[in-house]
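Engineer: Following is a predicted model, sequence given first.
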Amino acid sequence: MGVVIRLLLAVSGVLAGALVARDAPIFGVVQAMLAIWVVVVVLLTGAWLSRR
């Protein structure tokens, strides 16, 4: 179950990041920041779910 939630979070984060970064003048920087943020959120969510 935790893996499914992590995958959904990652996919939704990537889609949201793509929509935001598409209009940004510094596309690469914004995309890299959003990718790092998605990884951090997925890792923290996984750690939180494993403690429950």
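Structural biologist: Looks like it came in fine. None of the values given here were measured: they were computed from a predicted structure.

Engineer: Going by C-alpha atoms from here, please, whenever you check contacts or count neighbours.
Structural biologist: OK.

Engineer: List the residues that contact the closest residue to Arg6 other than its chain neighbours.
Structural biologist: Excluding the flanking residues, the one nearest Arg6 by Cα to Cα, 6 or more residues apart in numbering is Val42, at 5.6 Å. By Cα atoms under 8 Å, 6 or more residues apart in numbering, the contact list for Val42 reads 6, 9-10.

Engineer: For stretch 44-52, what is the distance to the chain centroid?
Structural biologist: Its chain's C-alpha centre and that of stretch 44-52 lie 16 Å apart, by Cα atoms, centre = their mean, to the nearest Å.

Engineer: Can I get that stretch in PDB, CA atoms only?
Structural biologist: Output in PDB follows, covering the C-alpha atoms of stretch 44-52 (Å, rounded to 0.1, in the frame of the first residue of the first chain):
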ATOM      1  CA  LEU A  44       9.600  11.400   3.800                       C
ATOM      2  CA  THR A  45       6.300   9.900   3.100                       C
ATOM      3  CA  GLY A  46       7.800   6.500   2.900                       C
ATOM      4  CA  ALA A  47       9.600   7.000   6.200                       C
ATOM      5  CA  TRP A  48       6.300   8.200   7.800                       C
ATOM      6  CA  LEU A  49       4.300   5.300   6.400                       C
ATOM      7  CA  SER A  50       6.800   2.700   7.600                       C
ATOM      8  CA  ARG A  51       6.500   4.000  11.200                       C
ATOM      9  CA  ARG A  52       2.800   3.600  11.200                       C
END
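
Engineer: Select the longest helix from this structure.
Structural biologist: helix 27-51 (DSSP state H).

Engineer: Keep only those of the contacts of Val42 that are in helices.
Structural biologist: The members of the contacts of Val42 that map onto helices under DSSP H are 6, 9-10.

Engineer: ok, so what distance separates Gly17 from Ile5?
Structural biologist: Between Gly17 and Ile5 the distance is 18 Å, computed by Cα to Cα, to the nearest Å.
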